[in-house]
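Asker: Show me how the following folds:
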Amino acid sequence: PPSPHLSPQSPPSLPTSMPTSRPFSPSPFSPSPPAPRPSLLAPQSPLDPNIGNAPGSGQHSKNTPSSLTTSTYYSSLSTRPLAAFHLKTKGSALQQTGNTSILPQPETAFDFLSLRGSPCLHLVRPFSDFRNCQDLSYSDLRYANLMGANMQEVDLTGSRLEHAYLFRAKLENSFTRQGEPGVSLAHANLSAAKLSSAKLSSSDFSHADMSFAEMWSSILSGSKFVGADLSFAQAMNIKAGGANFSEANLRYAEMPSVEAWGADFMGAYLVAANLGMSELGGARFRDCDVTVATFKGAHLDQADFTAAKGIMTANFELIKGIPLGMSSGGKNAAFGSAVAAARATMLKG
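Answerer: This next block holds a predicted model:
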């Protein structure tokens with residue numbers, strides 16, 4: 001029975017809707033509200049004055065900071081779709097300022113007038129498949145992450161892929177059009193990439209990491225490999241006439257039956273490299289290290305080995321032609337004379 005001291009009342013009604021948010025009222029004892037986290041993925045307008053001059057002007061803003069954290073860089077290439085690239089820069093200006101409208105510019109100055117963009121730029125990402133969209137010509141893909149991407153038979157004419165990450169990418173039968181600019185892959189990571197049967201003449205691979213790469217039967221005539229790491233690379237039957245391998249690391253590289261007439265290997269590291277049966281007439285091996293390298297059966301007529309290291313340990317059996325620079329100085333004199341005598345005997349026979 002109800003208590004005689006309390007009057008009966010109906011239960012209180014519940015609110016039909018709860019407030020969505022409570023207004024923040026600052027007090028000395030309450031923390032300040034957290035600042036909204038800036039988004040790094042918001043595309044910026046190509047005409048944004050904070051980014052620099054619009055693409056097509058051929059210039060970049062001199063006041064644009066280049067010390068942002070890793071971010072996604074968007075740029076408009078003519079009337080083609082927006083492209084995303086990953087820039088790896090140092091510093092923490094973003095944390096200091098919180099300003100995302102100022103994005104970093106690529107390290108190398110570049111004239112956007114030579115870029116037309118590509119309808120395939122929306123596929124630029126790791127493990128992407130370009131089999132149904134194979135036009136990447138004249139595209140700015142610097143610092144792009146294309147790890148493991150399937151880029152077979154892709155047109156790379158005139159494209160910029162400096163510092164791109166192409167680890168284990170498949171570039172078989174990729175090509176650049178004859179008479180047009182080659183592709184620039186300077187400082188790119190092409191480790192364990194597959195470039196077999198690629199036609200990339202007059203391209204730039206300077207300082208690229210191409211260790212363990214496969215380049216069977218590729219056409220790389222006139223290309224630059226200055227300072228590139230080609231250690232343990234598989235490059236059988238490639239055509240690299242006039243290519244520049246100076247200061248390159250070719251340790252344990254497998255390059256038999258290579259056509260590299262007049263190629264420049266000056267200062268290269270050829271320790272245990274295999275260049276047997278290769279066409280190396282007129283090539284320059286000055287100051288390179290050929291310790292235990294193999295040139296067995298190679299054509300070395302007029303190839304210059306002046307000041308090369310490790311000649312006494314290299315394999316020059318059955319070479320064709322008479323190389324230069326191996327008949328001067330110490331032990332090399334006897335070795336050079338023996339090579340010349342053996343070659344003369346073969347010619348008489």
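Asker: so what's residue 228 up against?
Answerer: Residues near residue 228 by CB atoms under 8 Å, 6 or more residues apart in numbering: 205-210, 245, 248-249. The C-beta positions use only the backbone N, C-alpha and C, and glycine is treated the same way.
Asker: Now with 6 Å, please.
Answerer: Neighbour list for residue 228: 205, 208, 210, 248 [criterion: CB atoms under 6 Å, 6 or more residues apart in numbering].
Asker: Over to residue 183?
Answerer: Listed by CB under 6 Å, 6+ apart, the contact set of residue 183 reads 156, 159, 176, 203.
Asker: In strands, which of these fall?
Answerer: Residues of the contacts of residue 183 located in strands (DSSP state E): none.
Asker: CSV please, covering these and showing neighbour count and distance to residue 217.
Answerer: Formatted as CSV, the contacts of residue 183 follow (neighbours: other CB atoms under 10 Å; distance: CB to CB, whole Å):
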residue, neighbour count, distance to residue 217
156, 29, 18
159, 25, 22
176, 22, 16
203, 26, 16
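Asker: Show me which of those residues is closest to residue 169.
Answerer: Using CB to CB, residue 156 comes nearest to residue 169 of these, at 11.6 Å.
Asker: shaky segments in this structure?
Answerer: Applying pLDDT under 70 to the chain flags the ranges 1-116, 327-349.
Asker: ok, which stretches of it are helices?
Answerer: Here the chain has its helices, by DSSP state H, at 93-97, 331-348.
Asker: Tell me the buried residues in stretch 205-222?
Answerer: 205-216, 218-221 (16 or more other CB atoms under 10 Å).
Asker: same deal with stretch 245-265?
Answerer: For stretch 245-265, a neighbour-count test (16+ other CB under 10 Å) marks 245-261, 263-265 as buried.
Asker: Repeat that for stretch 169-186.
Answerer: So for stretch 169-186, counting by 16+ other CB under 10 Å, buried means 169-176, 181-186.
Asker: biggest separation within those, which pair?
Answerer: Longest span within the buried residues of stretch 169-186, CB to CB: 170 and 181, 23.0 Å.
Asker: Skip the chain neighbours and tell me the closest residue to residue 291.
Answerer: The spatially closest residue to residue 291, leaving aside those adjacent along the chain, is residue 310, at 3.0 Å (CB to CB, 6 or more residues apart in numbering).
Asker: Tell me the spacing between the one you found and residue 287.
Answerer: For residue 310, the distance to residue 287 equals 12 Å [CB to CB, to the nearest Å].
Asker: can you check residue 273 too?
Answerer: Residue 273 is 15 Å from residue 287, by CB to CB.
Asker: who has more neighbours, the two?
Answerer: Per other CB atoms under 10 Å, whichever of residue 273 and residue 287 has more neighbours is residue 273, with 30 against 16.
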